[in-house]
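A predicted structure for the sequence below; I have some questions about it.
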Amino acid sequence: MVRSQKKNWSHDVTENSDALDLKDGVFKSRDPKAIADSLKHSAEASDRRKSSPFRSAMSMLNFYINRAGSHLSKRQKQTLEAAKDELRKDFGREPK
């Protein structure tokens with residue numbers, strides 16, 4: 001694998017997930033509710049996912065947070081963390 005390909009594998013996963021078709025720029029939003037709603041819609045619409053819609057959506061959100069890591073601003077990380085609670089609410093689960 002070429003170094004640039006290896007370096008960008010997580011971007012490729014986010015863009016070309018086997019489980020979810022994500023709306024462009026979903027993780028760039030400053031609105032946690034909009035992020036959660038978009039992930040929920042993508043997860044419920046997918047016929048390729050291998051687990052429940054909630055788990056697929058939460059997994060993709062966690063994957064993005066973990067892979068973006070130190071490249072996220074403090075504000076964007078807070079937004080994405082808040083999106084987890086919104087996602088839990090959207091699926092009728094108790095926020096943490």
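All right, it came through fine.

what are the boundaries of the helices in this structure?
3-7, 9-15, 32-45, 53-68, 74-90 (DSSP state H).

list the buried residues in the third one.
Neighbour-count burial for helix 32-45, counted by 16 or more other CB atoms under 10 Å, picks out 32, 35-44. (Each C-beta comes from the backbone N, C-alpha and C, glycine too.)

quick revisit: could I get the helices of the chain as TSV with distance to Asp21 and mean pLDDT?
Shown next, in TSV, are the helices of the chain (distance: least, CB to CB, whole Å; pLDDT from 0 to 100):
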stretch	distance to Asp21	mean pLDDT
helix 3-7	22	53
helix 9-15	10	59
helix 32-45	6	95
helix 53-68	11	92
helix 74-90	17	96
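
most tightly packed of these?
Most buried of the helices of the chain by mean neighbour count (mean count of other CB atoms under 10 Å) is helix 32-45; its value is a mean of 20.

wait, what's in contact with the residue most central in space within the chain?
Centroid check for the chain by CA atoms, centre = their mean gives Leu61 as the closest residue, at 2.6 Å. Leu61 makes contact with 35, 39, 80, 83-84, 87, according to CB atoms under 8 Å, 6 or more residues apart in numbering.

try it again at 10 Å.
Leu61 sits next to 26-27, 35-36, 39, 80-81, 83-84, 86-87 when contact means CB atoms under 10 Å, 6 or more residues apart in numbering.

of these, closest to Phe54?
Nearest to Phe54 among the contacts of Leu61: Leu87, at 7.4 Å, using CB to CB.
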